[in-house]
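> how would this look folded up:
(one chain, ligands or ions: 3)
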Amino acid sequence: MDNNAAQNVAEGNASKPPKLLIKGGKVVNADKTENVDVLVEDGVITDIGYDLAAPPGTMVIMADGRYVIPGGIDPHTHLEFEFMGTKSVDDFYKGTRAAIAGGTTMVIDFAIALPGQSLLEVYDKYRSMADPKVCCDYGLHVGITWWSRTVSKEMELLCAQHGVNSFKLFMAYKNMFMVDDGELYEAFARCKELGAVAMVHAENGHVIEKNVHKLKQAGVTGPEGHEMSRPEEVEAEAVHRAAMIASQTGCPLYVVHVMSESAAKVIEERRNAGQTTLFGEALAAGLGTVAPDGKCSFEVAAAHIMSPPLRKTRSTPLALMKALASGALQTTGTDNCTFNKNQKALGKEDFTKIPNGLNGLEDRMSVIWDKGVNTDIIDPQKFVEITSTNVAKIFNLYPKKGCIEIGSEADIVIWNPDKSKKISATTHNHACDFNIFEGMVVRGVPETVIVKGKVCYQHGRLMDSKGHGSFVPCQVFPPHVYGRREGKYRPDAGDCGKAKDTQYCLNTLNFPERQLLTSALQKAAPTAQRGCLKLFKVSFTFSLPLVTIEGFIQTMVPLYKCHSTLISRSRSHGHENLLRINS
Ligand SMILES: NC(=O)NCCC(=O)O
Ligand SMILES: [Zn+2]
Ligand SMILES: [Zn+2]
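Ligands and ions are numbered 1, 2, ... in the order given. A predicted model of the protein is given here:
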């Protein structure tokens, strides 16, 4: 490194980040691992290759023996969130600082409008809280807790003018955030029209209310009542219901904080049945720990309370990790929503008043590496996929984020798989006074964290990065979710009249997409015959998202035991969009 570059890094506040050359590391993307060097200029990756030379003024970072991975993207945080009569203590400064210390270089937070409140107003409020102080980039999901024509219109404005492409609906928190099935339907249908991703907090709020009432009648007021009131099936039922409504509206659905094996199973089953735009997110908390046993103090029990609850079942973390490994779940977040002990004490006499939420933002990457990679359940590529790439794809940030490619933003982590750390509230960078992973020793830590080309963390030291991050607009119609579109999306296009023989014009097939695709494939299948390897060929014209169809066919075709499947787009048959499967 030359003198100027060295001084910039030492000060940590250079206005223009120096050029960086990361040498000797193993670059891991979700789809490949290569021993290559990475050159960064002006916050962007400008070259990747063998033995790259350092241009003048370049800071060279040696990464021998370490992995070079895309910075983590946490799709689920609640920073300075006003909730249950108090406010989460990690604000956009402390929270994003803690994120960087753990190898996360972007967060997506939730701007949640209260019933009757304008979505635009709450969005503006979040922008003004976050913009001046975020240390890394951030995006916003908007929470919808009521339904009206105004809400519908504001969703459109948020998508068209404000860089929002995802909306969260709540099936729990009755009388606070909860919407009913009709409102879910309206919101999902609107998301589909706008090309947005619907998100859901899936728990049955009515059943929880009844259970709370029964528990209180029986004299249960302590924190143990929380999990008792929200058993696994209460979560699983809501996941199923939300997925069904998403299917009926044709809307992609992202289930946040999947906390139980039963809920993960519902997602897996529906995906296997063809609902391939159903996505599920596990949390660091659910992967790394379980609910404490009943003998612990109020303080400890309350600190672990979130919704859906951390499960007592000791097999849950492993089951969730396996669900990520198999692709049944796709992403990991944290739901970082931190409260101090004095805030948790609001529920000392009544468990329903304990503010729901816990930490994870700083520890997510190491906890998942330790519980997933070190145990051989996932490999480093899968780690990258579930901590960064899939989030970038689902929320349309890819390939700007979520990968190490030429042209991508330089959000890069040099990951030391051999170094360990002991997690503790006494040393963490969060604002809260408790850490649910207290005492856990994790092997695999970030050594250097580069955010948009600036070294923001190195060897345990955080550089001052207040305001270094910025808001990242997320565009609608993520190709990963809605398919690759050319021109205008045509959800209502009619039969083109050109489909012949084994061709089915899917323009005529609207809802429910899955059943219609199934029967179309079944009609094509006789030439293949169930269970044999005979060739068959079928072409579809479609107005549906390509990814939906590709994903569907990839799950369907093996049912017919076809030898191999090639799916390609063709324009040669006079169909604007022709999907051909050769098997
Ligand atoms: N999850 C939780 O307990 N707190 C944050 C709000 C939410 O995501 O439901
Ligand atoms: Zn939630
Ligand atoms: Zn949340």
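> residues in contact with residue 99?
72, 74, 77, 105, 107, 135-136, 361-362 (C-beta atoms under 8 Å, 6 or more residues apart in numbering). Quick note: C-beta positions are derived from backbone N, CA and C, even for glycine.
> contacting residues around residue 432?
89-90, 338-340, 359, 425.
> can you list those in a markdown table and add secondary structure, neighbour count and pLDDT?
Output for these, formatted as a markdown table (DSSP: H, G, I helix; E, B strand; the rest coil; neighbours: other C-beta atoms under 10 Å; pLDDT from 0 to 100):
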| residue | secondary structure | neighbour count | pLDDT |
| --- | --- | --- | --- |
| 89 | coil | 21 | 98 |
| 90 | coil | 28 | 98 |
| 338 | coil | 30 | 98 |
| 339 | coil | 30 | 98 |
| 340 | coil | 16 | 98 |
| 359 | coil | 31 | 98 |
| 425 | coil | 15 | 98 |
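> hang on, the earlier thing: pick the one among the contacts of residue 99 closest to ligand 1.
residue 77 (9.5 Å; C-beta to the nearest ligand atom).
> all strands for the stretch 351-500 of the chain, in order.
412-422, 441-451, 454-458, 461-462 (DSSP state E, counting those that start in this stretch).
> who's in contact with the last one?
If I follow you right, that is strand 461-462. Residues contacting strand 461-462 (C-beta under 8 Å, 6+ apart): 97, 100-101, 429, 456.
> and for the third one?
Residues from elsewhere that reach strand 454-458 (C-beta under 8 Å, 6+ apart): 9, 12, 14, 17, 20, 43, 59, 61, 100-101, 135-136, 446-450, 462-463, 465, 468.
> residue 295 - how many residues pack around it?
7 (other C-beta atoms under 10 Å).
> how about it, phi and psi?
Phi and psi for residue 295, reported as degrees, to the nearest 10, are phi -90, psi -10.
> can you check residue 289 too?
phi -160, psi 180.
> enumerate every residue touching it.
Counting by C-beta under 8 Å, 6+ apart, residue 289 touches 304, 310, 317, 436-437, 440.
> just these: which are in helices?
Among those, the ones falling in helices (DSSP state H) are residue 317.
> just the buried residues of the contacts of residue 289.
Taking 16 or more other C-beta atoms under 10 Å as the criterion, what is buried in the contacts of residue 289 is 304, 310, 317, 436-437, 440.
> let's see the top helix by length along the chain as PDB, backbone CA atoms only.
Identified as the longest helix of the chain according to DSSP H is helix 232-249. Taking Å, rounded to 0.1, in the frame of the first residue of the first chain, the C-alpha atoms of helix 232-249 are listed here in PDB:
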ATOM      1  CA  GLU A 232     -46.200 -24.300  16.200                       C
ATOM      2  CA  GLU A 233     -49.500 -25.100  14.500                       C
ATOM      3  CA  VAL A 234     -50.700 -21.500  15.000                       C
ATOM      4  CA  GLU A 235     -47.700 -20.500  12.900                       C
ATOM      5  CA  ALA A 236     -48.000 -23.300  10.300                       C
ATOM      6  CA  GLU A 237     -51.700 -22.700   9.700                       C
ATOM      7  CA  ALA A 238     -51.100 -19.000   9.000                       C
ATOM      8  CA  VAL A 239     -48.300 -19.900   6.600                       C
ATOM      9  CA  HIS A 240     -50.600 -22.200   4.800                       C
ATOM     10  CA  ARG A 241     -53.400 -19.700   4.600                       C
ATOM     11  CA  ALA A 242     -51.200 -16.900   3.400                       C
ATOM     12  CA  ALA A 243     -49.600 -19.200   0.800                       C
ATOM     13  CA  MET A 244     -53.100 -20.200  -0.400                       C
ATOM     14  CA  ILE A 245     -54.200 -16.500  -0.700                       C
ATOM     15  CA  ALA A 246     -50.900 -15.700  -2.500                       C
ATOM     16  CA  SER A 247     -51.600 -18.600  -4.900                       C
ATOM     17  CA  GLN A 248     -55.200 -17.500  -5.600                       C
ATOM     18  CA  THR A 249     -54.000 -13.900  -6.300                       C
END
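> which other helices and strands contact it?
helix 181-194, strand 197-201, helix 205-217, strand 253-255, helix 261-272 (3 or more C-beta pairs under 8 Å, 6 or more residues apart in numbering; DSSP states H and E).
> recalculate using a threshold of 7 Å.
helix 181-194, strand 253-255, helix 261-272 (3 or more C-beta pairs under 7 Å, 6 or more residues apart in numbering; DSSP states H and E).
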